[in-house]
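Participant: A structural model of the following input is requested.
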Amino acid sequence: MNNRQPSLYLYQVDGSKEQQIGRLAAGMGIQVHQVLPTDYLQPLGVLLGLPGFERSPLRYNGPLLPDEMMLMSDFDDTLLSRFLNAYRHASIPAIPLKAGVTPHNIFWNSLQLHQELEKEHQMMSSSL
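Facilitator: Have a look, this model is predicted:
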């Protein structure tokens, strides 16, 4: 059984948008974390503080991600639905690149996650 608190990991989200998301999340018992660019090479499992994942000595010093991105951890289906609906109703500008933590992507770093989400977003956008 998972006893971890639901969390959002934000990339390149700042200012009033970050504040809006923070208020919405706090009201739902969701923690919010800003992912620092220096941590882009860390496995997602490290960022989430999961056992069995060790911090890499590598520090990213390249360009910032070109897009905002949001990673959701430890959301059950009900909370995910409630959060996304509340997000829309709060008129917070959308973050097109978003994902939930999976047994597969937990081993990726933030750059790999961004690359995969960008591919998926492009495929979805071109199919409309």
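
Participant: can you give me the strands for the protein?
Facilitator: 7-11, 31-34, 69-73, 97-100 (DSSP state E).

Participant: Let me know which of the ones you listed is the nearest to L58.
Facilitator: strand 7-11 (17.5 Å; C-beta to C-beta). Bear in mind the C-beta positions are built from the backbone N, C-alpha and C, glycine included.

Participant: In its sheet, which strands sit next to the closest one, and in what direction?
Facilitator: The strands beside strand 7-11 in its sheet (DSSP bridges) come out as strand 31-34 (parallel), strand 69-73 (antiparallel).

Participant: so how far is the shortest one from its chain's centroid?
Facilitator: When you say that, I think you mean strand 31-34. 9 Å (C-alpha atoms, centre = their mean, to the nearest Å).

Participant: Also the longest one?
Facilitator: For strand 69-73, the gap between its own C-alpha mean and the chain's C-alpha mean amounts to 2 Å (C-alpha atoms, centre = their mean).

Participant: Need the contact partners of it.
Facilitator: 4, 6-13, 35, 44, 48, 80, 83, 95, 97-101, 110, 113-114, 117 (C-beta atoms under 8 Å, 6 or more residues apart in numbering).

Participant: hmm, 7 Å instead?
Facilitator: Defining contact as C-beta atoms under 7 Å, 6 or more residues apart in numbering, one finds that strand 69-73 is touched by 6-12, 44, 48, 80, 95, 97-101, 113-114, 117.

Participant: Residue nearest the middle of this structure, spatially speaking?
Facilitator: L71 (1.6 Å; C-alpha atoms, centre = their mean).

Participant: Which other helices and strands does the longest helix seen in the chain contact?
Facilitator: Ranked by residue count under DSSP state H, the longest helix found in the chain is helix 110-126. Under the contact criterion of 3 or more C-beta pairs under 7 Å, 6 or more residues apart in numbering; DSSP states H and E, helix 110-126 touches strand 69-73, strand 97-100.

Participant: In CSV: these, plus mean pLDDT.
Facilitator: Below are the helices and strands packed on helix 110-126 laid out as CSV (pLDDT from 0 to 100):
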stretch, mean pLDDT
strand 69-73, 98
strand 97-100, 96
